[in-house]
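> sharing a model prediction with you, sequence too.
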Amino acid sequence: MPRNDLDEVIRAATAAIGDAADRFADAGVDDATLNDKGKVYEAWILLALGADLSELLQGRAAWYTGSYQPVRRGERIVFRGSPAKLRRKGGQAPGFLMLETPDGTAFELHNSLQFTGASQVDHELDICLLHKQDREAWVAGAASLPHLVGLELKCHTSAISLPLVRQAALTRIDLSASHGGHGHAFIYHGFVTFSSLSESGRTLAQYYQLDVFEGIGEELTNPASAFTRVASLAEAIFEWWKTHRAD
């Protein structure tokens with residue numbers, strides 16, 4: 001895809017993020033951390049995914065601040081501009097999207113979270129879905145997260161090469177060994193890309209059970225789609241979570 005087409009997509013995504021801010025929080029967006037195409041794409045995927053997941057959960061979605069309070073009118077939605085670990089309450093920024101079901105179950109959708117693998121190396125998950133209860137136990141000192149959804153995002157115009165897929169596969173292996181090797185966690189890891197994967201990259205992803213979602217965001221160039229959905233991605237996560245949360 002030509003570079004100017006990607007620029008158009010990023011402009012449309014930026015507008016869609018603003019629309020989502022109105023929908024989820026009636027607040028503006030602090031764009032200081034949206035300093036490159038990758039971060040804009042990450043923010044848009046988070047909000048679009050949150051919209052679809054909230055419908056699948058038959059619940060609601062709202063933006064929360066770093067102090068775990070709903071953002072108030074006049075405040076700003078702030079995304080993580082660089083990888084960081086989960087921490088205790090504190091401060092306005094960065095925030096996350098809270099998804100709540102009718103029975104009170106709550107999930108958190110974060111961007112740019114870091115987790116330590118079995119190798120003791122930290123890995124970034126561009127988008128991460130956690131159960132609120134699991135996150136509370138984790139920051140209070142729990143040894144592991146019982147369930148974790150992680151997404152690797154790539155906003156490229158050319159096919160994603162094998163080394164990038166290899167890196168994502170290694171992340172999944174290291175985190176699974178850390179959290180799931182002893183029955184502590186189930187890890188869903190998806191690879192989301194604006195373009196597509198190379199043939200060898202797709203083969204490696206399939207072998208290491210990385211779900212691949214290609215061409216996510218192309219519809220943003222359609223003016224009629226102000227806030228495009230990512231239904232296939234949301235449905236895959238929803239089905240995975242239903243299956244493994246019961247285990």
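Received the coordinates, thanks. Model, not experiment: these values are computed from the prediction. Numbering: from 1, shown residues only.
> quick one: contacts for residue 42?
79, 111-112, 126-127, 153 (CB atoms under 8 Å, 6 or more residues apart in numbering). Every residue, glycine included, has its C-beta placed from N, CA and C.
> could those be laid out in CSV, adding pLDDT, neighbour count and distance to residue 35?
As requested, the contacts of residue 42 are exported to CSV (pLDDT from 0 to 100; neighbours: other CB atoms under 10 Å; distance: CB to CB, whole Å):
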residue, pLDDT, neighbour count, distance to residue 35
79, 90, 24, 10
111, 94, 27, 13
112, 93, 21, 12
126, 94, 23, 15
127, 94, 24, 18
153, 91, 23, 16
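> can you tell me which of these is nearest residue 52?
Within the contacts of residue 42, proximity to residue 52 (CB to CB) peaks at residue 127, which comes in at 12.7 Å.
> now render the contacts of residue 42 as JSON lines, adding distance to residue 165 and secondary structure.
Formatted as JSON lines, the contacts of residue 42 follow (distance: CB to CB, whole Å; DSSP: H, G, I helix; E, B strand; the rest coil):
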{"residue": "79", "distance to residue 165": "25", "secondary structure": "coil"}
{"residue": "111", "distance to residue 165": "21", "secondary structure": "strand"}
{"residue": "112", "distance to residue 165": "20", "secondary structure": "strand"}
{"residue": "126", "distance to residue 165": "14", "secondary structure": "strand"}
{"residue": "127", "distance to residue 165": "17", "secondary structure": "strand"}
{"residue": "153", "distance to residue 165": "13", "secondary structure": "strand"}
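> so which bits of stretch 145-159 are buried?
Buried residues in stretch 145-159, counted by 16 or more other CB atoms under 10 Å: 145-156, 159.
> and for stretch 127-146?
127-132, 134-136, 138, 144-146.
> of all the buried residues of stretch 145-159, which two lie farthest apart?
Top of the distance list for those (CB to CB): 146 and 159, 35.5 Å.
> next helix or strand past the helix or strand hosting residue 48?
Residue 48 belongs to helix 37-56 when assigned by DSSP states H and E. Toward the C-terminus, helix 37-56 is succeeded by strand 60-64 as the next helix or strand (DSSP H and E).
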